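J.: Pasted the sequence and its predicted model underneath.
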Amino acid sequence: MIEAVMLWNEPNNKSHWDFEIDRDWRLFAEMVNLAADALRAEHPRLPIVLGGISPIDPSFMERMKSFGVIRRMDAVAVHGFPLDWNHWQIHEWPEKLEEIRGIVDDKPIWISEVGVSSFGAEEVQEFGLKRTAELLLGMAPRIHWYSLYDLPRAWPATTRHREAEGSAYYRHFYMGLLREDGTPKPAFRHFCEYAPDMGLCQWFHFEDHRLDDAVRIMKDLGVTYLRTGLSWADRFRPDALAWFDRQMRALEPFRVTVTYCFTPEHRGINPHHTSPPQRMEEFAEFCVEMTRRYAR
C-alpha cells in the first residue's frame, strides 16, 4: 500500500535539479506547489512529503518556506551520507536534524536516505549501519536505509558529474547491503536487528530484474516500510504502465512511499531529467495519474 507520496528527490542537488536554469528554485517551488494542491484535491488524506534534500541545508528549507512549499507538506525529508559525501561527521546527525527542525516548525522530518558505501571497505559500511541506528532510531518517523542492492556497474549512476567527482562517483555503486551479484556484505546480517524500525530505500529501474528477489529478501529481513520511485520520464516508454503495475503489485506487502521525479527529456526546458519542465502543470498531472492508479 502507498503510505505517502514524495515530490521529487534531492531538489537542492544538481544531480536531480538543474539550478543553473532555476537559480532561486522558484520554478521548483511552483512545480511542487501545483502538484501538492492537485494531490490534495485528489486524495485529501494521503500524506505528501517534500523530496529529501541533499546536502542538509537550512537555507534551502527557508527558501521553500518563503515560497509556500512547507505549509503544503505533511512532512519534509533529508538525506545524509557523512561517511561518503557530506562535510560533517556521522555523530553530528542529531544536530543536522535540529538545524532543519527549527525552520519547518511542527512538520515531521523524515530521513528518506541514509547510507554508507562499501567503496573503501565493507567493514566501514558495517560500522556505519550500527552507528546510524544508535544515533537515529527513535529520532525520525521514517528512516530509509539506502539501499538493499549495489547499483550494477553497467548502469549509470544518477549524477551529472561522473569521473569529475573522483572517487565520489564510484561510491554510488557500493551503497547496497547486497553486492551486485546478490551476495551479502557484512552489514546485511545486522539489518534485521534494526527492522522494522528502520526501512529501506530501493530504486527499481524500468523492468528491473531484481524486483522479485528484492521483495523476498526484504520480507526475510523484517522490512515493513519502503521508499521507491515512479519515474515521470519512464511514463513515456512503451509498456510503462504494465511495468508500473507490476512493480507496485509486487510491493503491496510493504508500506510504500512513492517518489515522483525525473523530467522526461522532451518535456524539459533542457532535454535532461534534471531540467525544470516546460509546463509545470504536467508534473502535477503525472502525480495525480499515478496516485489515482495506486493509492487506494
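T.: That came in fine, so what should we check first?
J.: distance between stretch 54-71 and the chain's centre?
T.: Remark: stretch 54-71 is offset 17 Å from the chain centroid, using Cα atoms, centre = their mean, to the nearest Å.
J.: make that stretch 229-247, sorry
T.: The answer for stretch 229-247 is 17 Å, by Cα atoms, centre = their mean.
J.: End to end on that stretch, go ahead and measure it.
T.: One end of stretch 229-247 sits 10 Å from the other (Cα to Cα, to the nearest Å).
J.: residues making contact with it?
T.: With Cβ atoms under 8 Å, 6 or more residues apart in numbering as the test, stretch 229-247 has contacts from 9, 203-204, 206-208, 211, 228, 248, 258-266, 273, 283, 286, 290, 293-294. Where C-beta positions appear, they are placed from N, C-alpha and C, glycine not excepted.
J.: let's see 6 Å
T.: Here stretch 229-247 makes contact (Cβ atoms under 6 Å, 6 or more residues apart in numbering) with Trp203, Phe204, Phe206, Glu207, Val258, Thr259, Phe262, Pro264, His273, Phe286, Met290.
J.: Now do the helices in the stretch 151-296 of the chain.
T.: 167-171, 188-191, 211-221, 240-250, 281-294 (DSSP state H, counting those that start in this stretch).
J.: how about these in JSON lines, adding mean pLDDT and distance to Leu151?
T.: What follows is the helices of the stretch 151-296 of the chain, written out as JSON lines (pLDDT from 0 to 100; distance: least, Cβ to Cβ, whole Å):
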{"stretch": "helix 167-171", "mean pLDDT": "85", "distance to Leu151": "10"}
{"stretch": "helix 188-191", "mean pLDDT": "98", "distance to Leu151": "16"}
{"stretch": "helix 211-221", "mean pLDDT": "98", "distance to Leu151": "13"}
{"stretch": "helix 240-250", "mean pLDDT": "98", "distance to Leu151": "17"}
{"stretch": "helix 281-294", "mean pLDDT": "98", "distance to Leu151": "24"}
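J.: residues of stretch 70-84 that come out buried?
T.: Neighbour-count burial for stretch 70-84, counted by 16 or more other Cβ atoms under 10 Å, picks out 70, 72-84.
J.: Stretch 274-282 too?
T.: Quick answer for stretch 274-282 (16+ other Cβ under 10 Å): Thr274, Ser275, Pro276, Pro277, Met280, Glu282.
J.: Among the helices of the stretch 151-296 of the chain, which comes closest to His16?
T.: Nearest of these to His16, taken as Cβ to Cβ: helix 281-294 at 13.4 Å.
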